[in-house]
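**Student:** here you go, sequence then predicted model.
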Amino acid sequence: MSQGLPIRIVSKVVRGYGRGSKDLGIPTANVSREKADLLCSCGDFDHLPTGIYWGYSRVGGNDEADDAAVLGQVHLAAISIGFNPTYSNEEKTVEPHLIASDNHPLRHSSSCGETQFQDLYDKKIVLSVVGYLRPELPFEGLEKLTAAIKKDIADAEKLAGESNPATQVEREWVGSSSPEDQLSSKQ
């Protein structure tokens, strides 16, 4: 499923269903699918391949650094693209869980021991979907879903730790000062 990767997206963070934080303890920065907000190397959400991926994300601009070292920073991400079959969504979503580095004070702060940042709503999000982890699957219960997501996070960390020039290019694109310009010139 690595065909068509990387996928580059620039959009804004919007409210989702709230299940990542409340039900699972694994909050996500839900990406707006509205045409006015979205620049995507695949065109629009309908053309995005479903599955669980890993990549890099930055919320906020390079000039928006904050005390918690969240805004304007490039973070590893475990990314769900699809319909969340456990919940039977009718609309495709893109939901990256931003993963802080192991030494970040918020790395293990959520209810299930994963990264918990502050609300990021209405901030710009830059996302590069670098690699495929698995298909999206329905799970019997939230415990099994949470365990699968925690494995996805561990797999993303492992894959990001492997030296690969192509993934470094994507990390640098996410951190660049004008990813929109580079994205729109490739479309």
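**Tutor:** Arrived safely. Numbers count the residues shown, from 1 in each chain.
**Student:** elements contacting the helix or strand harbouring Glu172?
**Tutor:** Following DSSP states H and E, one finds Glu172 within helix 165-175. With contacts defined as 3 or more CB pairs under 8 Å, 6 or more residues apart in numbering; DSSP states H and E, helix 165-175 has these neighbours: strand 51-59, strand 74-82, strand 124-134. No exception for glycine: its C-beta is placed from N, CA and C like everyone else's.
**Student:** tell me the mean pLDDT over the first one?
**Tutor:** So that's strand 51-59. On average, the pLDDT along strand 51-59 is 96.
**Student:** with the second one instead?
**Tutor:** Throughout strand 74-82, pLDDT has a mean value of 96.
**Student:** pull out the C-alpha coordinates of that strand and format them as CSV.
**Tutor:** The C-alpha coordinates for strand 74-82 follow below in CSV (Å, rounded to 0.1, in the frame of the first residue of the first chain):
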residue,chain,number,x,y,z
VAL,A,74,7.3,18.6,14.0
HIS,A,75,5.9,15.5,15.7
LEU,A,76,5.7,11.9,14.6
ALA,A,77,2.1,10.8,14.0
ALA,A,78,0.0,7.7,13.8
ILE,A,79,-2.7,8.5,11.3
SER,A,80,-6.1,7.0,10.7
ILE,A,81,-7.6,7.7,7.3
GLY,A,82,-11.1,6.2,6.7
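**Student:** alright, calling it a day.
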